[in-house]
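*Asks:* After the sequence you'll find the predicted model.
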Amino acid sequence: MASTGDVSAPEFLQLVADPQRWQLLAELAQSDRRVGELTGLLDRPQNVVSYHLGALRSAGIVSARKSSADRRDTYYRVHLARCAELFATAGAALHPGLRLEAPAPRPPTPWPGRAPAVLFLCTGNSSRSQMAEALLEHLSAGAVAASSAGSHPKPLHPYAVEVMAARGIDIEGRPSKHLSRFSRSRFDRVITLCDKVREVCPDFPGPPIAAHWSMADPAAGVDGQEPGYPAFEAAAGELETRIGLLITSLASERQERRTSRAR
């Protein structure tokens, strides 16, 4: 491969055809992970997992960021939109009739009974988790019950309000909440957005499916930049992408349950 992210269709297909790399992608599609977690999930030594992660990073499919909880740790994330782009390119390269178009996120339509419930957690409940809650409500057209909380709540950040307002979503006046408020609530998903809060996340009834999205705190800057509006815009953009994929997953799970009951 000539450079990071510059991968031909045959190279991409050969890359993901390896069973261990495919399993890595499957695990990272569910949650951001540290190498130690991935070695346990794949039952492979760290040097093998690191080698395959390096290959996936070179193709621009996986990225890494230092943990804000422990700078000696690194979280890995799969870029599913990049995977979709490469699969589409591979199909079109073989034959124009095989060009794949990525489907738009499908909001789960309301159905009888309890709507799927998702809880987003970060440290302050002042930006990331509040934006995630608002985006999920908006993008699902209210079909998903979204909540957010923090381990050390603080006032809503004004840049978070501005970024959401630019998307036509009003979050001004939303209260920050401590995660203990939801200790007895039932959720289908609990998603931690902050490496620090993941370390102190309590168990919830159910239990729900847990996932971690390792995101930089926009109030502390992104990738070495000074804190400011661009950092919040970048966080909102990342959340919008991830939440679109989450909505598709929830809709797919709902359809699978309906199909199973119909048999």
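*Replies:* That came in fine, so what should we check first?
*Asks:* Chain neighbours aside, what residue packs nearest to residue 132?
*Replies:* Excluding the flanking residues, the one nearest residue 132 by C-beta to C-beta, 6 or more residues apart in numbering is residue 120, at 4.1 Å. In short, each C-beta sits where N, CA and C put it, glycine included.
*Asks:* same deal with residue 25?
*Replies:* Closest residue to residue 25 apart from its sequence neighbours, by C-beta to C-beta, 6+ apart: residue 78 at 5.5 Å.
*Asks:* again, but for residue 28
*Replies:* Spatial nearest neighbour of residue 28, excluding adjacent residues (C-beta to C-beta, 6+ apart): residue 78 at 3.8 Å.
*Asks:* does residue 68 count as helix, strand or coil?
*Replies:* Following DSSP: H, G, I helix; E, B strand; the rest coil, residue 68 is assigned to coil.
*Asks:* Settle this for me: it is touching residue 217, isn't it.
*Replies:* Yes: assessed by C-beta atoms under 8 Å, residue 68 is found in contact with residue 217 at 6.8 Å.
*Asks:* Those two: which has the busier surroundings?
*Replies:* residue 217 (22 against 19; other C-beta atoms under 10 Å).
*Asks:* List the beta-bridge partners for the closest residue to residue 177 other than its chain neighbours.
*Replies:* In this structure, residue 177 finds its nearest non-sequential neighbour in residue 149, 4.5 Å apart by C-beta to C-beta, 6+ apart. Per DSSP bridges, the residues bridged to residue 149 are residue 121.
*Asks:* what pLDDT does residue 149 get?
*Replies:* Residue 149 is assigned 98 on the pLDDT scale.
*Asks:* Around it, count how many other residues there are.
*Replies:* If you count neighbours by other C-beta under 10 Å, residue 149 ends up with 23.
*Asks:* now residue 140
*Replies:* Count around residue 140 with other C-beta under 10 Å applied: 26.
*Asks:* now for the helix ranked longest in the chain, which elements pack on it?
*Replies:* Scanning the chain for the helix with the most residues, using DSSP state H, yields helix 229-262. Applying 3 or more C-beta pairs under 8 Å, 6 or more residues apart in numbering; DSSP states H and E, one finds that helix 229-262 makes contact with helix 128-139, helix 158-166.
*Asks:* Relative to the whole chain's centre, how far out is the first one?
*Replies:* It stands for helix 128-139. 12 Å (C-alpha atoms, centre = their mean, to the nearest Å).
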